[in-house]
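Asker: need a 3D model of the sequence below.
(one chain, ligands or ions: 1)
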Amino acid sequence: MSDMISLELDGIEKAYNKGTDKEVAVLRGASVAIKAGEAVALVAPSGTGKSTLLHIAGLLDTADAGAVRIGGEEMTGLSDRRRTGVRRRDVGFVYQFHHLLPEFTAEENIVLPQLAEGVAQSVAAGHARALMESVGVGGRADHRPAALSGGEQQRVAFCRALANRPRVLLADEPTGNLDPETSDTVFEAMMTLVRETGLAALIATHNMELAARMDRVLRLQDGRIVCD
Ligand SMILES: Nc1ncnc2c1ncn2[C@@H]1O[C@H](COP(=O)(O)OP(=O)(O)OP(=O)(O)O)[C@@H](O)[C@H]1O
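Answerer: All right, here's what the predicted structure looks like:
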């Protein structure tokens, strides 16, 4: 694990309905720094601002105050175009449901985001296959998502999220929809990818057993991030 900080949130504040009588301050100075190759669990009861935090970290939403740094670069003040570029190249997302494109094969789902970044077809296909091999779904490359099991779908979703070699992985209950055994397989696959690719991963989960197997467990409490 290098000591490079890949993702840093520094004093993030976010309120909804600002300036009205319905104002809710969701984040009140949330800070975290995640190194390359480190997997951090984020445990947050429903409604405490987990999605808000992940959206801000992934540049899908902006904070009212505080800084987001990806690969050491300050994201505040970047043009929308630059933010979109950084989001596409440097951030991978995985959600509770895989959101794979149903009309494309597993491999094509991992190839497409690379083509969008100008990677040659043969190179993209080779990278897609290598990713799938590393998480044990190499034999399923030509199947469409509907022909894959839930655990396979989710492993392919991780491969797709990593297709463009992002620095940061953000996941929201990535095993929340799976039975315990499958959840374990997907979790191990995720950890393999984090270690192999030197990603900084922030993984929201309610599963304390899986959380405890990550490098650190953090809790979102009263709008701040605290050690568990
Ligand atoms: N666009 C919005 N406008 C107003 N309030 C919002 C908006 N989005 C979220 N909130 C409120 O902010 C709080 C945090 O929402 P958020 O979605 O981040 O929670 P969460 O921890 O992800 O919850 P869950 O696990 O249930 O998805 C909630 O009280 C929610 O009602």
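Asker: quick one: name the residues of the protein near the ligand.
Answerer: Applying Cβ under 6 Å from any ligand atom, we find that the chain lies next to the ligand at 16, 17, 24, 26, 44, 46, 47, 48, 49, 50, 51, 52. C-beta: built from backbone N, CA, C; applies to glycine.
Asker: is it fair to say residue 177 lies in a helix?
Answerer: No. Secondary structure of residue 177 (DSSP: H, G, I helix; E, B strand; the rest coil): coil, not part of a helix.
Asker: so how far is stretch 151-163 off the chain centroid?
Answerer: The gap between the average C-alpha position of stretch 151-163 and the chain average comes to 11 Å, counting by Cα atoms, centre = their mean, to the nearest Å.
Asker: contacts for the helix or strand hosting residue 84, please.
Answerer: Secondary-structure element containing residue 84, defined by DSSP states H and E: helix 80-90. Contacts of helix 80-90 with the rest of the structure, by Cβ atoms under 8 Å, 6 or more residues apart in numbering, involve 58-60, 70-71, 73, 75, 78, 113, 116-117, 164, 166-168.
Asker: just stretch 92-104 next, same as before
Answerer: Applying Cβ under 8 Å, 6+ apart, the external contacts of stretch 92-104 come out as 58, 106, 108-109, 112, 144-146, 153-154, 156-158, 160-164, 166, 168-174, 176-177, 190, 199.
Asker: got a PyMOL select line for the buried ones in those residues?
Answerer: Buried residues within the contacts of stretch 92-104, by 16 or more other Cβ atoms under 10 Å, are selected in PyMOL with:
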select buried, resi 58+106+108+109+144+145+153+154+156+157+158+160+161+162+163+164+166+168+169+170+171+172+173+174+176+177+190+199
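Asker: avg pLDDT for stretch 196-210?
Answerer: With pLDDT averaged residue by residue, stretch 196-210 scores 93.
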